[in-house]
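Enquirer: turn this into a model:
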Amino acid sequence: MKIRPMDTRSDNPTQDPFQKKGPGLSTNDVQLMPSMDMPGLLCASEETRPMAAYDRPGYELCRYVDHFMETDAGPVPVIRPDLEKKDRLSTIAVRCGIRRDKYLVSPGLYGIGSPDPDSDVLVTANYKLTFDHLRSALRGVSAWILVLDTRGVNVWCAAGKKIFSTQELVNRIKAVHLEKVVAHKRVIVPQLGATGVSARQVKAQSGFRVVYGPVRACDIPEFLNKGKKADKPMRQVTFTLFERFVLTPVELHGALKISGIAALMLFVLSGIGPGIFSFHGAWERGLISLSALVTGLISGAVLTPVLLPVIPSKKFAFKGILMGGVCGLLLLPLIWDHIGSMAGAAALVIFSVMVSSHLAMNFTGATPFTSPSGVEKEMKQYIPVQVTGILVSAGLWIYSAF
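Expert: Numbering: from 1, shown residues only. Sure, this is the predicted structure:
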């Protein structure tokens, strides 16, 4: 594609544009400044910014866009496969749960490499982390990327929520006029999006055939080289130690707000004693009870997910109980001198166990093991247990102060 600067010259090169017909007006004696005829008259931005022609008021070109290419459906942004330092820092922040809900890209059609009408069309979600995974896996590949509007949710979760859906795919194909860009009638949908996309309905409503790709973006180049055939490993969902570990910062971040409220309540309860309420007791006993809260957080949001396969039981809440019990008992020798009673010790252990159980149960939705109905069933079973345990531990903690 060539970007041409706007031509401001007259069609008649011999005509002086400043010569106007009319009484009393003449430019014969007017001298143009010498510099006005020099190339330097052009703004520096037009010379150094090849995409200046695509500037629009109120819009900002994304840094991953390399250039635009003209198609019969209009200009299409061609993106880079390389992740910049800012992309990697943003990934770390999102992994820690910071601005995770606002980490998205604009839905629409993108190109990568040097796509042509015969290039494959890869469908994905508009969650920026998913988008970055895909483009970084396509180094050396020329393809089209059709980004659906999943409201910043990844493919798997969006398919479960029915926003990575048949209708969204059909609407997006029509919105970008995909039939004008490619010479074939085929789109490749990630396997994890299969629960939300009906290949038959897409074919009937858009004329495009759906081919389900591999689970992981890193397998796409091999998938394409094998004639769009996925072998068994490409179809298998894994949940390795590293894959579980990288999810734990988000779990901790999600628990921060309720943990702050819980910590405040612990300090209040710790101040209740023989003198009705003691600020000194609230501070000293509050710090001790806070250690039980931190123990429950680490047990339920970090240790249980990381050690998931080796902890007995299929129930995540029960796994959290077991892990919380072990961590609570390990905590006791460290704080025993500050507790002073069996009731206080029992209160702190029960509290850390219940916190661990609740956070472990919350991790259920991040795993490939369970279904929505299974999660709902487990919540109905264990939330009453957790609430009862919290109330019992609060009663024992107050009792231990007398």
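
Enquirer: quick one, what contacts Arg63?
Expert: Glu84, Lys86 (Cβ atoms under 8 Å, 6 or more residues apart in numbering). Every C-beta, even on glycine, is put in place using the N, C-alpha and C of the backbone.

Enquirer: if I look at it, what pLDDT would I see?
Expert: Note for Arg63: predicted pLDDT of 88.

Enquirer: would it count as being in a helix?
Expert: No: applying DSSP: H, G, I helix; E, B strand; the rest coil, one finds Arg63 to be coil, outside a helix.

Enquirer: quick one: classify Thr304 as helix, strand or coil.
Expert: Applying three-state DSSP: Thr304 is helix.

Enquirer: can you give me the end-to-end distance of stretch 298-312?
Expert: 18 Å (Cα to Cα, to the nearest Å).

Enquirer: same question, stretch 206-224
Expert: 23 Å.

Enquirer: in it, which residues are buried?
Expert: Neighbour-count burial for stretch 206-224, counted by 16 or more other Cβ atoms under 10 Å, picks out 206, 208, 210-217, 219-220, 223-224.

Enquirer: looking at these, spot the one nearest Met361.
Expert: For the buried residues of stretch 206-224, the residue nearest Met361 by Cβ to Cβ is Val215; the value is 25.7 Å.

Enquirer: check what pLDDT the nearest residue to that closest one once chain neighbours are set aside gets.
Expert: Counting by Cβ to Cβ, 6 or more residues apart in numbering, Val215 lies nearest to Gln191, which is 5.0 Å off, once chain neighbours are set aside. At Gln191, the model reports a pLDDT of 94.

Enquirer: Phe363 should be in a strand, yeah?
Expert: No: with three-state DSSP as the criterion, Phe363 is assigned helix and is not in a strand.

Enquirer: let me see the contact set for it.
Expert: Neighbour list for Phe363: Leu247, Glu251, Gly300, Ala301, Thr304, Pro305, Phe316 [criterion: Cβ under 8 Å, 6+ apart].

Enquirer: which of the residues you listed fall within helices?
Expert: Glu251, Thr304, Pro305, Phe316 (DSSP state H).

Enquirer: report the separation between the nearest residue to Gly196 once chain neighbours are set aside and Lys174.
Expert: Leaving aside its chain neighbours, Gly196 sits nearest to Ala159 (3.3 Å; criterion: Cβ to Cβ, 6+ apart). Distance of Ala159 to Lys174, computed by Cβ to Cβ, to the nearest Å: 20 Å.

Enquirer: the more surrounded of those two?
Expert: Ala159 (23 against 12; other Cβ atoms under 10 Å).

Enquirer: that one against Val189, yeah?
Expert: No: counting by Cβ atoms under 8 Å, Ala159 stays clear of Val189, with 9.4 Å between them.

Enquirer: rewinding a little: now tabulate the buried residues of stretch 206-224 in CSV and tack on distance to Asn154.
Expert: Below are the buried residues of stretch 206-224 laid out as CSV (distance: Cβ to Cβ, whole Å):
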residue, distance to Asn154
Ser206, 23
Phe208, 23
Val210, 19
Val211, 20
Tyr212, 17
Gly213, 15
Pro214, 15
Val215, 12
Arg216, 13
Ala217, 11
Asp219, 17
Ile220, 16
Phe223, 19
Leu224, 22
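
Enquirer: thinking again about what came up before, mind putting the contacts of Phe363 into TSV with neighbour count, pLDDT and distance to Ala143?
Expert: Output for the contacts of Phe363, formatted as TSV (neighbours: other Cβ atoms under 10 Å; pLDDT from 0 to 100; distance: Cβ to Cβ, whole Å):
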residue	neighbour count	pLDDT	distance to Ala143
Leu247	19	92	29
Glu251	20	90	34
Gly300	33	96	42
Ala301	28	95	38
Thr304	29	96	40
Pro305	27	94	34
Phe316	29	93	38
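
Enquirer: out of those residues, who's nearest Ser352?
Expert: Using Cβ to Cβ, Gly300 is the member of the contacts of Phe363 that lies nearest Ser352, at 8.9 Å.

Enquirer: if we can go back for a sec, just the ones of the buried residues of stretch 206-224 in helices?
Expert: Using DSSP H, the buried residues of stretch 206-224 in helices are Ser206, Ile220, Phe223, Leu224.

Enquirer: show me where this protein dips below the pLDDT cut-off.
Expert: 1-48 (pLDDT under 70).

Enquirer: any chance you could map the strands in it?
Expert: 65-71, 74-79, 108-112, 121-124, 143-147, 186-189, 209-212, 272-273, 276-277 (DSSP state E).

Enquirer: give the other helices and strands that the helix ranked longest in the chain contacts.
Expert: Assignment by DSSP H gives helix 372-399 as the longest helix of the chain. Under the contact criterion of 3 or more Cβ pairs under 8 Å, 6 or more residues apart in numbering; DSSP states H and E, helix 372-399 touches helix 248-270, helix 316-339, helix 342-362.
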